[in-house]
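> test case, fold it:
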Amino acid sequence: MTARAALLFGLVSLSSLSSLSGVSSSSSSSNRWGPVSVVEAQAPDAALEEVVDRVTDYVTAYTRDFVGVVAEETYRQEVRFRSGGNDLRGFPIEGQRQSRTLKSDVLLVRAPAGDRWLQFRDVYDVDGKPVRDREERLAKLFLTPSASAQQQVDDIKSASARYNIGSVNRNINIPVLALSVFDVSNRPWFAFALGKRSERNNVPLVELEYREQRSDTMIRGRDERGTPAAGKFIVERTTGRIVSSELHADTDTLKAEIDVAYDAEPAVAGLFVPREMREKYELKDGTTITGRASYAKFRRYQVKVDETLKK
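Reported below is the predicted structural model:
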């Protein structure tokens with residue numbers, strides 16, 4: 001039996017690390033979010049603090065405004081297995097491939113306790129064939145009480161990942177995952193650094209690099225092992241608005257990368273929304289899993305998942 005690698009987003013919440021939020025902060029600092037960790041530096045940099053504060057404010061408002069926005073996702077995944085050796089001429093034989101195309105509605109919903117959000121992928125078409133149990137599955141997820149609020153959260157995450165292909169058990173392939181870095185309970189556990197500056201349409205941009213610095217990480221590998229997240233955002237310097245995100249999560253058996261591009265969407269009052277997500281997982285055995293998702297037809301939709309939950 002082939003062992004499956006795993007990358008699971010264990011902390012899909014806006015307060016899911018509240019029990020760890022007692023990290024010490026300087027009482028003399030004017031930074032209302034707590035001190036900013038700076039990569040390879042001894043003290044916070046004022047320009048860096050300003051940018052991180054703006055992005056944090058932006059993400060806080062974004063998670064409020066983006067809840068209830070639903071989009072149509074077209075998502076193609078491909079698995080390329082390791083090479084099957086060499087042919088008689090000595091050239092490598094290309095390994096087998098497996099592909100799948102999913103069409104889904106994706107949306108952010110408020111979790112049962114009301115203190116967190118999570119993204120739900122409602123798959124309605126797999127390789128051109130409709131999903132038969134869709135209505136029954138939705139009713140079970142959102143209308144049938146679970147044993148606990150956390151169980152319902154876990155059920156939603158599992159349902160969102162049920163049609164993934166490949167040997168990587170993962171639920172991190174959601175476009176807004178990287179924004180969780182700026183949750184007020186996550187941010188103190190990340191180090192930040194400013195990178196290259198640029199412009200787009202006369203708007204000043206800057207790269208904001210990040211690296212997770214704790215063992216109880218957002219993303220968990222196999223056997224619940226900590227998997228620190230790292231990457232960068234490209235943000236507007238004056239507003240903190242996120243233009244793109246890049247997230248890396250590596251374990252001893254695989255390397256993962258998820259890149260997301262954002263742009264304004266008139267249908268939801270000009271909110272910057274995910275336009276494209278690209279992902280890549282490279283396993284130690286030579287297998288590669290790639291994915292590309294595009295998003296369109298954004299609209300508002302109201303979903304409540306907490307009304308029938310048992311206390």
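> pull the helix or strand encompassing Leu247 out as PDB, backbone CA atoms only.
Taking DSSP states H and E as the criterion, Leu247 maps to strand 242-250. Only the C-alpha atoms of strand 242-250 are listed here, as PDB (Å, rounded to 0.1, in the frame of the first residue of the first chain):
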ATOM      1  CA  ILE A 242      -3.400  42.200  -1.300                       C
ATOM      2  CA  VAL A 243      -2.700  41.800  -5.000                       C
ATOM      3  CA  SER A 244      -1.200  38.300  -4.900                       C
ATOM      4  CA  SER A 245      -0.100  35.700  -2.300                       C
ATOM      5  CA  GLU A 246       2.500  32.900  -2.400                       C
ATOM      6  CA  LEU A 247       2.500  30.200   0.300                       C
ATOM      7  CA  HIS A 248       5.100  27.400   0.800                       C
ATOM      8  CA  ALA A 249       4.700  24.500   3.200                       C
ATOM      9  CA  ASP A 250       7.400  21.800   3.100                       C
END
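> for it, packing partners?
For strand 242-250, the packing partners by 3 or more C-beta pairs under 8 Å, 6 or more residues apart in numbering; DSSP states H and E come out as helix 46-66, strand 229-236, strand 254-265. (Each C-beta comes from the backbone N, C-alpha and C, glycine too.)
> partner strands of the second one, parallel or antiparallel?
Going back to what we said before, that points to strand 229-236. strand 203-212 (antiparallel), strand 242-250 (antiparallel) (DSSP bridges).
> pretty sure Phe81 contacts Arg97?
Yes - contact criterion C-beta atoms under 8 Å: Phe81 and Arg97 qualify, at 7.3 Å.
> pick the most deeply packed of the helices and strands packed on strand 242-250.
Counting by mean count of other C-beta atoms under 10 Å, strand 229-236 has the highest mean neighbour count of the helices and strands packed on strand 242-250, with a mean of 21.
> before we move on, back to that, and the strands paired with strand 229-236 as JSON lines, adding mean pLDDT, distance to Glu72 and mean neighbour count?
Formatted as JSON lines, the strands paired with strand 229-236 follow (pLDDT from 0 to 100; distance: least, C-beta to C-beta, whole Å; neighbours: other C-beta atoms under 10 Å):
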{"stretch": "strand 203-212", "mean pLDDT": "97", "distance to Glu72": "28", "mean neighbour count": "18"}
{"stretch": "strand 242-250", "mean pLDDT": "96", "distance to Glu72": "21", "mean neighbour count": "21"}
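> hang on, isn't Val208 packed against Val52?
That one is not Val; residue 208 is Leu. Yes - taking contacts as C-beta under 8 Å, Leu208 lies within contact range of Val52: 7.1 Å.
> what do those two both touch?
By C-beta atoms under 8 Å, 6 or more residues apart in numbering, Leu208 and Val52 have these common neighbours: Phe192.
> distance of Val55 from Leu177?
Look at Val55 and Leu177: by C-beta to C-beta, to the nearest Å, they are 15 Å apart.
> same question, Asp285
Counting by C-beta to C-beta, the separation of Asp285 from Leu177 is 25 Å.
> out of those two, which sits in the more crowded spot?
Between Asp285 and Leu177, counted using other C-beta atoms under 10 Å, Leu177 has the larger neighbour count: 22 against 13.
> check whether that one really touches His248, as I assumed.
No - shown here, Leu177 and His248 do not form a contact pair, counting by C-beta under 8 Å, at 12.0 Å.
> lowest-confidence helix or strand of the protein?
When the helices and strands of the chain are compared on mean pLDDT, DSSP states H and E, strand 37-38 comes out lowest with a mean of 44.
> pLDDT weak spots in the stretch 1-150 of the chain?
1-44, 83-95, 109-117, 136-150 (pLDDT under 70).
> circling back: who has more neighbours, Phe81 and Arg97?
Ranked by neighbour count (other C-beta under 10 Å), Phe81 and Arg97 place Phe81 first, with 18 against 10.
> thought Thr227 was touching Gly221, still the case?
Yes - assessed by C-beta under 8 Å, Gly221 is found in contact with Thr227 at 4.4 Å.
> between those two, which is the more surrounded one?
More crowded of Gly221 and Thr227, by other C-beta under 10 Å: Thr227, with 24 against 20.
> how close does that one sit to Ser167?
For Thr227, the distance to Ser167 equals 17 Å [C-beta to C-beta].
> quick one: contacts for the residue lying closest to Asn171 once chain neighbours are set aside?
Nearest non-adjacent residue to Asn171, counting by C-beta to C-beta, 6 or more residues apart in numbering: Ala161, 4.2 Å away. Ala161 makes contacts with 121, 169-171, 173, as judged by C-beta under 8 Å, 6+ apart.
> most centrally placed residue in the protein?
With distances taken as C-alpha atoms, centre = their mean, Leu177 lies nearest the centre of the chain, 1.8 Å away.
> list buried residues within the contacts of Ala161.
121, 170-171, 173 (16 or more other C-beta atoms under 10 Å).
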